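Trainee: Give me the fold of what follows.
(2 chains)
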Amino acid sequence: MKSLIAWRWYVALFILCAGLGILIGGVGQMTIDNLKCQSTGYANDHFLAYCDSQRYADYEHGALFYGLERSAIDSIRSAEVLFIGNSKLQAAFSTKAVRDYFNAISVRFFVMGFGYGDESTFSLAVLRKWGASPKILVINADPFFSDKISQPARDALEGRPAFLWRLALKLIFQRVHRAVCLAGSYVCPESDPSIFRSARDGEWNWIGPYVKEKSVPIDRPAQTTMTPEEIAAASKLGDQILDQIGLDRQCVVLTGTPNSFLDSTGIAMALAASLRTKSIFPPVDGLSTLDGIHLNLASAERWSGQFVQAMTPTLQKCISPPIHNREGVAGVATAN
Amino acid sequence: MLFNSAQFIFVFLPIVLSVFFLLGRLREQMLAVMWLVIASLVFYSLDDPYRLLPLILASIAFNFFIGRMLLRSQNRVLLAIGVGGDLLLLGYFKYAGFLVETLNGVTGVALQNPNVALPIGISFFTFTQIAFLVDAYRGEAREYEPFHYTLFVSFFPHLIAGPIYHHKEIMPQFHLRENFRFDISNFGFGLTWFALGLAKKMLFADVVAQYATPIFNAAAAGHPLGLVDSWIGACGFGLQLYYDFSGYTDMAIGLALMIGVRLPLNFNSPYKAISLIDFWRRWHMTLSRFLRDYLYIPLGGNRKGPRRRYINLLVTMLLGGLWHGAAWTFVIWGAIHGFGLVVNHAWNKVAESYRLSLPNPVAWAFTLVFVMVAWVPFRADGLSATFTIWKGMFGFHGLVPESVIAAQVTTAIACIAGLLAVALFAPNTQQLLSYPRVIIAAFRQPIRFFPSPTWAMAAGIAFGIAVSFIITQRPTEFLYFRF
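Mentor: Next up, the predicted model:
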């Protein structure tokens, strides 16, 4: 009898410790495998959205879909202005100009673009899941309205146990990584490029941790565009999606971030006309990109600064209480 | 299905055990046996059911009926038909391609290679059944129920890579009433064995493989290897194979223990051996036992003088090498060990006559180096790769010409040193867990292992860490699955 009780305790303790071992092993392995990720961007409310290492790679798709970054989800839910699109949108609107502008008028915003060229399917899944109800939607429509879905987005939507387990480990890893690199910076080589994302407004911190600021001038008109049939298909899908969202079309702003390859402006302009939405294309000269596709930081600051200024009438129309009545507003918006 | 897969640990095993003990509780012993048979066949054939299931069922049916006839009339022709049939099956699936290629190479003809894929575990279940037929012929077996016999052959813990057990030590255990009732001590003890085996595989074997595999791949690609790389490759593989296979065996023993069945041991710290003869008493012990009882002794063993004994040893080891795989590299490996054993026996005789003896550390070092050098053809992809590594090991390519594993050399050496130290200085699993050496006399004895909290924590955490590796990585096959 005594032996039976001893064995029962033994098996119970074994199972308990096995659970602990799974956690220790998972986090330990994740830490060893990804210690090279940059750790300099954790400051304030930023999380490690992506690290260019085999075992970490993308985190933000799963994190935002499954609500692992609670404050980011709160920000998405409460955002009055929501930016959606791909990495070009992230590059263009992850700027001080955007942050300063909205902070000055006390309007909550969130830049919710995704890497890997993701388009409407995943962004809308996140919006729906968290019941986001923005007053204004800014879309980088080149064309955005498509069924295209990246592998990380597919993994997140499928939510297989192995994916969810890795996602949870990535969440815990960030805490360990930050603590380890803070305590002993010599153990962190900081060699794997990484992208950090603000949980407060979704902006990427990537110039520095991921790429160096470069200047590839946009000195010729973009070559690639879409056929009328492709535009019509995107427009049809866009119509359905915008109907589902149920936002006044005058509070939906389409744009196309400038680049050297795709005629984003032309595509967005055609879609805006077809979908009867607002569109904004700030006429800024001498823009440069990092790689021909994503605006570099200097150009993004200039371009997005002009963009948000041009948004002011839309803000006044779509947001209540009106922005000029908000506490702490310095008249930035109304002065323009 | 792999023991080290989430599918096996979290789905297959809990379902199999639950249903088995439920049937046992309902006193449906025959149904419980049938359930284990079904589970074992699913375990075996899940990846390729249309090919594997008919194959194993045909093999079991053939041997069962021949065995039954042999038990009734000990007919030599019938035995020859039975063993011949088994060897034909093994020969077709395992050696047809090798034979055709060798014939083509020697005679210059261009016979078409049948390219038959090797069914997993065929070498193991064929040998298990040959032993049964021989014992039936010798009158040393009993007539078994068809389902019990099928379970004896297909019992999932041992089916794919052994241990190669004997019907006398297993069959009685399938009839023990207490084995059909859930026993927490059996389960906990089995879980501990399984945990240690899984940890050996995931945390030792697969880790050291990261250093050994690129070196053997480089040799296969014709890359000349330096002294350091070559020794890292050979020793790394030697340790990988030991932890991989002994880990698998520990897991098999653990799984069988969960349902009260005790399997024979397969390893006894082989790298502690102080002679090659000693090594073969410690390495893959159930294969050595099979080769001794069903090949070496029938060939005459040591009963017909020293010269015949040496020939028998050489033949046994050559065939033992060939059993591992249809390639000349395995023949070379078997020949090296056969030759080594002959020299070892001859030396023993000389040493006995002249009262000579090597100090144990020297004998141990000599044995270890010999075994590691001999592992090279066992692992290498062909003769050319074998000689590339051997040349490297003996300094023909210099000390460190452009290391294949570059920055990882220091880590690899540390890893190999650590794992070798564990193999040499730590007690082995059966010593740690007080497992009987001869199970046939012990399967009714109570477990001698005391379930302490320290053991629960150590084994539990080791199990958990190993499982975390399984979840985040693709599980790797056991090396002996190829044989």
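Trainee: Just the local confidence number for residue 184, please.
Mentor: I went with chain A, as the question did not name one. The model reports residue A:184 with a pLDDT of 78.
Trainee: switch to chain B, that's the one I care about
Mentor: 93.
Trainee: helix, strand or coil for the nearest residue to it once chain neighbours are set aside?
Mentor: Of all residues not flanking residue B:184 in the chain, residue A:7 sits nearest, at 4.4 Å (CB to CB, 6 or more residues apart in numbering or on different chains). Where C-beta positions appear, they are placed from N, C-alpha and C, glycine not excepted. Following DSSP: H, G, I helix; E, B strand; the rest coil, residue A:7 is assigned to helix.
Trainee: Surely residue A:7 and residue B:182 touch.
Mentor: No: the pair residue A:7 / residue B:182 is not scored as a contact, 11.5 Å apart, by CB atoms under 8 Å.
Trainee: Those two - which one has more neighbours?
Mentor: In this view residue A:7 and residue B:182 are compared by other CB atoms under 10 Å in any protein chain shown, and residue A:7 has more residues nearby, 21 against 16.
Trainee: and residue B:65, how many neighbours?
Mentor: Using other CB under 10 Å, the number of residues around residue B:65 comes to 12.
Trainee: Of all the residues in the strand or helix carrying it, which ones are buried?
Mentor: Per DSSP states H and E, residue B:65 falls inside helix B:49-72. Buried residues in helix B:49-72, counting neighbours by 16 or more other CB atoms under 10 Å in any protein chain shown, are found at B:52, B:55-56, B:59-60, B:62-64, B:66-67, B:69-71.
Trainee: How about stretch A:61-76?
Mentor: Residues A:61-66, A:68-69, A:72-76 are the ones in stretch A:61-76 that count as buried (16+ other CB under 10 Å).
Trainee: Can you lay out those as CSV showing pLDDT and distance to residue B:346?
Mentor: CSV is the format used below for the buried residues of stretch A:61-76 (pLDDT from 0 to 100; distance: CB to CB, whole Å):
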residue, pLDDT, distance to residue B:346
A:61, 95, 68
A:62, 96, 66
A:63, 96, 69
A:64, 96, 73
A:65, 96, 71
A:66, 96, 69
A:68, 95, 69
A:69, 94, 72
A:72, 95, 76
A:73, 96, 77
A:74, 96, 81
A:75, 96, 81
A:76, 96, 80
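Trainee: and the buried residues of helix B:49-72 near chain A, which?
Mentor: Among these, no residue sits close to chain A (CB under 8 Å from any CB of the partner chain).
Trainee: which helices and strands sit right next to the strand or helix carrying residue A:195?
Mentor: Residue A:195 is part of strand A:194-198 when elements are defined by DSSP H and E. Under the contact criterion of 3 or more CB pairs under 8 Å, 6 or more residues apart in numbering or on different chains; DSSP states H and E, strand A:194-198 touches strand A:46-51, strand A:204-205.
Trainee: hang on, the earlier thing: contacting residues around the residue nearest to residue B:184?
Mentor: Applying CB atoms under 8 Å, 6 or more residues apart in numbering or on different chains, one finds that residue A:7 lies in contact with B:184-185, B:188, B:451.
Trainee: Likewise for residue B:19?
Mentor: B:35, B:39.
Trainee: Buried residues of whichever strand or helix holds it, list them for me.
Mentor: Here residue B:19 sits within helix B:13-25, counting by DSSP H and E. If you call a residue buried by 16+ other CB under 10 Å, then helix B:13-25 has these buried ones: B:13, B:16-17, B:19-21, B:23-24.
Trainee: pLDDT on that helix, on average?
Mentor: The pLDDT scores in helix B:13-25 average 95.
Trainee: Quick one: name whatever helix or strand follows that helix.
Mentor: Counting by DSSP H and E, the element after helix B:13-25 in chain order, helix or strand, is helix B:29-45.
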